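K.L.:
below: sequence and its predicted model.
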Amino acid sequence: MAIFENIDFDDHESVHTFSDPESGLKAFIAIHSTKCGPSAGGCRLWSYSDSATALTDALRLSRGMSYKNAMAGLNLGGGKAVVLRPSGDFDRTALFAAFGKAVDSLGGRYYTAEDVGVSPDDMRVVRQQTSFVAGLNDGEAASGDPSPVTADGVFRAVRLAADKKLNAPLKGLRISVQGLGHVGYDVCRRLSIAGAHLIVTDINAELMRKTESAFGAKLVAPDDIYGVDADIYVPCALGATINENTIDVLKIKAIAGAANNQLSISKMGKFLHEKSILYCPDYVVNGGGIINIAGEIEGNYNKDWVEEKLQGLEATLVEIIECAAKTNRPTNEIADEMAQSRIGRR
Ligand code: NAD
């Protein structure tokens, strides 16, 4: 499993492998950059087909965290942990205790928190092993689950996309949402209050039913979400959903969602630009959660500071959209350049 030859290796400062046969822990922690401060990014628990796929995920996600933290103006670098979900039954407490020890062994170069498949309860277990963890529900300066703040940021980005691309308020717009988990469901709630019509999907049938009955959302099968006749697409499941198979069927005018690494390859941004679809870069749109976590890491969590930073994200998104329009270039390229310059890689 070559690392330096991996197409997603981007001069990461370090990549760590952890294994603990007793608990079943197999994990990677990738630290992309500590230029702006200690690296921070969530921990993902997922059933990967193999460890090479998990490693690639850690490399891509940690680079995304460097960009995300820089664009949010945080004193944090970029890192990410991926834990390979053990097959069959496993002791969750033992798994996260072992993961906590792994995080602690890095001596504060990486702060962890929740990501897909991980809850504040898991982070409480991690906290027993290390202080380099945030997203806790209780204790001094605890900020809780970051998902509602991520959802707040996504909602603001969707509203901005509606304004900039469609010159319209959200009321009456058709919005397609993929993934109805911690973030996606709350985004649906906010969009529904704003009067948008929702077309949604998830691989979890129960979440589909819940969203239908709470917000009158129209349900579609997971593979049908891309071709839906909607105004804005809000990806809130996993990454790489804008890819060679989906790009041609998209009928939307804009994309703004929570999922990390939405473009399978950077060139997809160019294709979206050519199709006149406004792409709001994922790591700007979904920065709300890490902003919330940063307040906790600094030990002075307060909601006014979080609000100020969320408004900063909106301003950054406007700057990217306006620069892209003025220079007739893809938004992802503009955003990448801004982020790279902030972490001293340009
Ligand atoms: P989650 O695990 O709670 O929800 C993800 C949902 O997507 C689940 O309901 C799952 O069933 C669904 N899903 C998975 N594959 C799917 C598919 N092919 N089609 C349809 N649905 C599918 O995760 P979350 O915390 O809501 O995060 C959602 C996304 O946002 C992730 O990509 C995550 O990395 C990103 N993100 C989350 C946060 C946060 O604060 N939670 C912050 C930044 C980015």
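P.N.:
Structure received.

K.L.:
alpha carbons only for contacts and neighbour counts from here, please
P.N.:
Will do.

K.L.:
mind checking what helix or strand follows the helix or strand harbouring M268 in sequence?
P.N.:
Per DSSP states H and E: M268 is located in helix 267-274. Sequence order places strand 278-279 as the next helix or strand after helix 267-274, per DSSP H and E.

K.L.:
what are the buried residues along stretch 277-288?
P.N.:
277-288 (16 or more other C-alpha atoms under 10 Å).

K.L.:
give me the mean pLDDT for that stretch.
P.N.:
For stretch 277-288, mean pLDDT rounds to 97.

K.L.:
got it, and stretch 146-165?
P.N.:
96.

K.L.:
cool, stretch 37-51 as well?
P.N.:
Stretch 37-51 comes out at a mean pLDDT of 96.

K.L.:
which parts of the stretch 51-200 of the chain sit against the ligand?
P.N.:
115-117, 146-147, 150, 178-184 (C-alpha under 6 Å from any ligand atom).

K.L.:
mind checking which of the residues you listed are buried?
P.N.:
115-116, 146-147, 150, 178-184.

K.L.:
among the residues you listed, which are in helices?
P.N.:
Among those, DSSP state H puts 147, 150, 182-184 in helices.

K.L.:
so T201 touches L219, yeah?
P.N.:
Yes. Shown here, T201 and L219 form a contact pair, counting by C-alpha atoms under 8 Å, at 5.9 Å.

K.L.:
of the two, give the one with the bigger neighbour count.
P.N.:
T201 (28 against 20; other C-alpha atoms under 10 Å).

K.L.:
next, give phi and psi for the more buried one.
P.N.:
phi -150, psi 160 (degrees, to the nearest 10).

K.L.:
buried ones in the lengthiest helix in the chain?
P.N.:
Criterion DSSP H: the longest helix present in the chain is helix 303-327. For helix 303-327, burial by neighbour count (16+ other C-alpha under 10 Å) applies to 306-307, 309-310, 313-314, 316-318, 320-321, 323-324.

K.L.:
quick check: angle from that helix to helix 267-274?
P.N.:
Going by axes from the mean of the first three to the mean of the last three C-alpha atoms, to 10 degrees, helix 303-327 is angled at 70 degrees with respect to helix 267-274.

K.L.:
quick check: what element follows helix 303-327 along the chain?
P.N.:
Counting by DSSP H and E, what follows helix 303-327 is helix 331-342.

K.L.:
remind me what that next one packs against, helices and strands.
P.N.:
helix 51-71, helix 267-274, strand 278-279, helix 303-327 (3 or more C-alpha pairs under 8 Å, 6 or more residues apart in numbering; DSSP states H and E).

K.L.:
residues of that helix that come out buried?
P.N.:
Buried residues in helix 331-342 (16+ other C-alpha under 10 Å): 331-336, 338-339, 342.

K.L.:
contact partners of it?
P.N.:
The set of residues external to helix 331-342 that reach it, using C-alpha atoms under 8 Å, 6 or more residues apart in numbering, is 66-68, 70-71, 266, 269, 273, 278-281, 320-321, 323-324, 346.

K.L.:
any low-confidence regions in the stretch 1-150 of the chain?
P.N.:
140-141 (pLDDT under 70).

K.L.:
how about the residue in the stretch 1-150 of the chain positioned nearest to the ligand, nearest residue that isn't a chain neighbour?
P.N.:
Per C-alpha to the nearest ligand atom, S147 is where the stretch 1-150 of the chain lies closest to the ligand, at 3.5 Å. Spatial nearest neighbour of S147, chain neighbours left out: V183 (5.2 Å); criterion: C-alpha to C-alpha, 6 or more residues apart in numbering.
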